[in-house]
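Student: 3D model of this:
(one chain, ligands or ions: 1)
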Amino acid sequence: MVFNAIDDVLFWEDIDTLKKFFEENWKNFYPHDFAGWRKISAEFMKSQIPDKAEFIRRLEKYAEVGKPVWISGRNNSIDDIDTDTMIKAITVSSKISNGEQKAAQASKLQEKHQLHRNIYIDNIFHLQSNHILELTIGAGGGTNRVMKRMTERDFYMGVDIDFICAKNADALAKYYNVNGLGIAASLWNLPFNDCMFTSVCCCHGLNECREIPTILKEAYRVLKPGGKFVIECTHNIRNTQSYRDFSIYNFSDEEMIYWLKQLRMYAGSQNVEEILAACGFKFCNRIIDVNLRDILVYEK
Ligand SMILES: C[S@@+](CC[C@H](N)C(=O)[O-])C[C@H]1O[C@@H](n2cnc3c(N)ncnc32)[C@H](O)[C@@H]1O
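Tutor: Numbers count the residues shown, from 1 in each chain. Have a look, this model is predicted:
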């Protein structure tokens, strides 16, 4: 049962309706029938939000009253986890074979564009010994790349609001035999002292988060002076989960970007750079890749 950031926004005033819909339907489709899930969730959206005017009313409401707190939970494993889910997550993530499987999946995806992506990793490992914080672990694609490069001198901490995703980092750390740990917490309020990390990184995660300015401020706070913040983020705004909902109501790309900025959500790498500058980060490098993802390198 996966809620995403734009669902939170649209159902900010009525999250129980969304939860009920998920509870009644998600397991009938996931993971075997994604197309079916898409169809039924678009129908649900239309039944709740009949037209573009109502969609915009909801966006305006969130823009005005939304906060960096979770209201739905990212999925049913963070705010309503049951014993079976917990035991399954712990036992599966405790096995080296699970890390091996995750590493194989991630490496397959990364075979293409290797050179381009080395820039991301090279900047994270800018010192002899690196204290790395990864924002958003998700399926572990970025985590795999970081852990592959780690030596015994490096330390990794990963944060994801989703408990199961956090455990992906543990499985990969076991497989690569490195000093790494994933924790379930929110990026809006990182449970770390100021200036703890020499690198903060985020691989394709900001597009699924709300309240980007709060997250980037937190990244600044926990980074050491001279430390690097390296972000890989989707170039094409249509490759985001937000697009799925906006497209149901025929928003143009320009309208969508306008609204994402109002909502303090991911509105493209240029907007992220504006927020980074406002937080005090100094620009180091930028790689724009219109077909894939942009890489932003900033320093505190
Ligand atoms: C697209 S996934 C990340 C992909 C991953 N980095 C990779 O390379 O495979 C986005 C993740 O962001 C997490 N997330 C969303 N909002 C968050 C928040 N406020 N705090 C922490 N994690 C959050 C979600 O749970 C999800 O796992």
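Student: can you pull the residues of the stretch 51-200 of the chain lying near the ligand?
Tutor: 74, 136, 138-142, 159-162, 165, 186-188 (Cβ under 6 Å from any ligand atom). C-beta: built from backbone N, CA, C; applies to glycine.
Student: rerun that using 5 Å as the cut-off
Tutor: Residues of the stretch 51-200 of the chain that fall close to the ligand, judged by Cβ under 5 Å from any ligand atom: 74, 136, 138, 139, 141, 142, 160, 161, 162, 165, 186, 187.
Student: show me where the stretch 101-250 of the chain has its helices.
Tutor: Taking DSSP state H, counting those that start in this stretch as the test, the helices found in the stretch 101-250 of the chain are 114-124, 141-149, 163-176, 212-222, 241-248.
Student: and the next helix or strand after the shortest one, average pLDDT?
Tutor: Using DSSP states H and E, the helix or strand that directly follows helix 241-248 along the chain is helix 253-262. The average pLDDT for helix 253-262 rounds to 97.
Student: and the angle from helix 253-262 to helix 241-248?
Tutor: 130 degrees (axes from the mean of the first three to the mean of the last three Cα atoms, to 10 degrees).
Student: centre of the chain versus the helix or strand following helix 253-262, how much separation?
Tutor: Per DSSP H and E, the first helix or strand lying C-terminal to helix 253-262 is helix 269-279. Relative to its parent chain, helix 269-279 has a centroid offset of 17 Å by Cα atoms, centre = their mean, to the nearest Å.
Student: tell me the strands beside the longest strand seen in the chain, with direction?
Tutor: If you go by DSSP state E, the chain has its longest strand at strand 223-234. The strands beside strand 223-234 in its sheet (DSSP bridges) come out as strand 197-203 (parallel), strand 293-299 (antiparallel).
Student: and the helices of the stretch 101-250 of the chain as CSV, adding distance to residue 294, mean pLDDT and mean neighbour count?
Tutor: Output for the helices of the stretch 101-250 of the chain, formatted as CSV (distance: least, Cβ to Cβ, whole Å; pLDDT from 0 to 100; neighbours: other Cβ atoms under 10 Å):
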stretch, distance to residue 294, mean pLDDT, mean neighbour count
helix 114-124, 10, 85, 16
helix 141-149, 14, 96, 23
helix 163-176, 23, 92, 23
helix 212-222, 15, 98, 21
helix 241-248, 17, 91, 18
